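Asks: coordinates only, no sequence provided:
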């Protein structure tokens, strides 16, 4: 059965799935997942959703870590999600810095378009974009995603600014969003 856009959930990584750091997440030791996020990904997978990740990783361009280190973090993410009974279909990342003029760095929609192509979707209209910053939501809205802000990571600060959140639904964390989405879809 083909994937329907409304069954796709795109997650930002730092601040949504794992703890964020203003000093960047530079190693596997610094990559600390939120336990409820791993569980939420598993529950969403089991409820029939496809999950993907779109993450800016400018620490690579800045020389703080390399792609091999990033891949080690993503391998660990896949292992944890798989052992919890879930799956991440694709991880798209931007390794450019803010001044590199790429088309993939959020708030531009390039990472989401990469996910769309990789998963064989004609559109992302009606998909879900979950993030903790305005740029995450802007990337999703550019391609027709429903916006979800979580208060983890930079989410509380983003919410407090109140700018650009008119279309967003706000949840305490990824687990609360998963509860809401799974519950909403069980109602006849």
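Replies: Great, that's in hand. Since the model is a prediction, treat every value here as computed from it, not as a measurement. Numbers count the residues shown, from 1 in each chain.
Asks: mind listing the strands for this structure?
Replies: Defined through DSSP state E, the strands belonging to the chain, from first to last, are 8-11, 50-56, 90-94, 128-131, 146-150, 168-171.
Asks: show me what the fifth one is packed up against.
Replies: Contacts of strand 146-150 with other secondary structure elements, assessed using 3 or more Cβ pairs under 8 Å, 6 or more residues apart in numbering; DSSP states H and E, are made with strand 128-131, helix 134-142, helix 155-161, strand 168-171, helix 174-184. Yep, even glycine has a C-beta here, placed from its N, CA and C like the rest.
Asks: how about the contacts made by the closest residue to residue 171 other than its chain neighbours?
Replies: Leaving out its chain neighbours, the residue that sits closest to residue 171 by Cβ to Cβ, 6 or more residues apart in numbering is residue 177, at 4.3 Å. Taking Cβ atoms under 8 Å, 6 or more residues apart in numbering as the definition of contact, the neighbours of residue 177 are 40, 130, 148, 150, 169, 171.
Asks: just grab the bridge partners of the fifth one for me.
Replies: In this case it means residue 169. When assigned by DSSP bridges, residue 169 has beta-bridge partners residue 148.
Asks: okay, it: pLDDT?
Replies: Residue 169 is assigned 96 on the pLDDT scale.
Asks: before we move on, the earlier item: let me know which of the helices and strands packed on strand 146-150 is tucked in deepest.
Replies: Mean neighbour count (mean count of other Cβ atoms under 10 Å) peaks for strand 128-131 among the helices and strands packed on strand 146-150, with a mean of 28.
Asks: tell me the strands beside it, with direction?
Replies: Strand pairing (DSSP bridges) places strand 128-131 next to strand 8-11 (parallel), strand 146-150 (parallel).
Asks: right, so of those strands, which gets closest to residue 93?
Replies: Comparing those by their distance to residue 93 (Cβ to Cβ), the top pick is strand 8-11, with 12.2 Å.
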